[in-house]
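>>> need a 3D model of the following:
(one chain, ligands or ions: 1)
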Amino acid sequence: MSKLKVAVIGAGSISDCHLQAYASNPEVEIYAICDLNETRAADVAKQYGASHVFTDYRDLLALPEIHSVSICTWNDSHAEISIAALDAGKNVLCEKPLCQTVEDALAVEKAVRRSGKLLQVGFVRRYSDNAQILKTFIDEGELGEIYYAKASSLRRLGNPGGWFSDKSRSGGGPLIDIGVHVIDICWYLMGRPKVKSVSANVSNRLGNRANVRNLSFYKAADYDAKQNNVEDMANALIRFENGASLLVDVSFTLHAKADETAVKLYGDKGGAELEPEISIIGEKFNTILNMTPQVDFKSFDFMGSFRNEINHFIDSTQGRKETLSPVEDGVEVMKMLCAIYESAREGREISL
Ligand SMILES: NC(=O)c1ccc[n+]([C@@H]2O[C@H](COP(=O)([O-])OP(=O)(O)OC[C@H]3O[C@@H](n4cnc5c(N)ncnc54)[C@H](O)[C@@H]3O)[C@@H](O)[C@H]2O)c1
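From the prediction side, this is the model:
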């Protein structure tokens, strides 16, 4: 049987996780790579044995034999490339965030309907084994009704610079880059309740703190300390129609003692934490129990989750599974992110 030909558009850092995962899927042939930077595209194509290299994604999409594409470009081109790929008859795995505006998210959703093709949003945390363990406990009623959740992704020093801190290409700072993951996974595990309102704050007080010495952090390839117009911290309270609420805080930099990632869920029968480590909190015979699932990775397993995500994507294109992160969820998360920025800008609660 001939293999499914896949292509990756955007050959930077995260593309390697997609490519490693495709390379380990026996049904797939890595067929084409596209990047604005031709040398980068050619190097990656050579590394993964792809026979075709492009600098313009439209030339890649014109190849009828390509079955599916991963979009790993800057956020400003996610919507445009997703729509073009769907209209060209390709299945799409689009990195998070789906795009930069609700309007664009709705246009992508329309293209999914029009084309009848699959678009999976790269909410990779949903595909982690630990998230699926908690999902099983939640679906079986172990937590009861979840009425409160907390999502934190705090870096004390970690503005990556480059396109990440150029609002026109990224759409924003830590909220849209790292906050999107923890907001999405809380919302998913809460059962995707309908958003009612958002009240939020954003700060631009600390800049990128390029002055700090003796502490290293990840820097984008085109890091330029002089360039930064994104927020350094955001917090939000999201209310849902079912009465539940989600408290969020995220930062690229903050005068905090340490970095912190938290995904915590509180129900009327029990609680659970996905981050910093998986645990389930219950009560039995008038005694509180903190239960620790015995698993290989207590925290987020980065590469294992990408493998699960890519395998699930391929299975879904073949009708063997349903994607865990459909376009509608990308649209809803986009509404939350945009409402957070709007609430902070206007200094008031936004009703959705
Ligand atoms: N799921 C995750 O955990 C995760 C982690 C990191 C990044 N991401 C997402 O992945 C995407 C890429 O991030 P990255 O860290 O790899 O960035 P990066 O800067 O390392 O790579 C992006 C690449 O895309 C190329 N590119 C940009 N626009 C293009 C276009 N129109 N056509 C072709 N190539 C184009 C750039 O030249 C660059 O090589 C972003 O949307 C980011 O939010 C997701």
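
>>> contacts for stretch 340-352 next, please.
Residues outside stretch 340-352 that contact it (C-beta atoms under 8 Å, 6 or more residues apart in numbering): 172, 175, 195-202, 231, 234, 236, 238, 248, 335, 339. To be clear about C-beta, it is placed using only N, CA and C from the backbone, and glycine gets the same treatment.

>>> in strands, which of those appear?
Of the contacts of stretch 340-352, the ones assigned to strands by DSSP state E are V195, K196, S197, V198, S199, A200, N201, V202, A234, A236, I238, V248.

>>> of all those residues, which two lie farthest apart?
Among the ones in strands among the contacts of stretch 340-352, the pair separated by the greatest distance (C-beta to C-beta) is K196 and V202, at 20.5 Å.

>>> looking at these two, which one has more neighbours?
V202 (21 against 16; other C-beta atoms under 10 Å).

>>> beta partners for that one?
A234 (DSSP bridges).

>>> tell me the spacing between I71 and S251.
Applying C-beta to C-beta, to the nearest Å, the value for I71 to S251 is 27 Å.

>>> which of these two has more residues huddled nearby?
A count of neighbours by other C-beta under 10 Å puts S251 above the other of I71 and S251, at 29 against 26.

>>> was I right about the more buried one contacting N159?
No - counting by C-beta atoms under 8 Å, N159 is not a contact partner of S251; they are 9.2 Å apart.

>>> need the overlap of contacts for these two.
What both S251 and N159 touch, as defined by C-beta under 8 Å, 6+ apart, is the set D232.

>>> can you pull the contacts of the residue in the stretch 1-150 of the chain that the ligand sits nearest to?
The ligand sits closest to G12 of the stretch 1-150 of the chain, with a gap of 1.7 Å, by C-beta to the nearest ligand atom. G12 is in contact with D35, R40, C72, A221, counting by C-beta under 8 Å, 6+ apart.

>>> mind showing which ranges of the stretch 251-352 of the chain have poor pLDDT?
Scanning the stretch 251-352 of the chain for pLDDT under 70 picks out nothing.

>>> skipping adjacent residues, who's closest to H255 in space?
Of all residues not flanking H255 in the chain, R156 sits nearest, at 7.2 Å (C-beta to C-beta, 6 or more residues apart in numbering).

>>> so which residues of the stretch 51-200 of the chain form helices?
57-61, 78-87, 102-115, 129-139, 167-170, 174, 180-189 (DSSP state H, counting those that start in this stretch).
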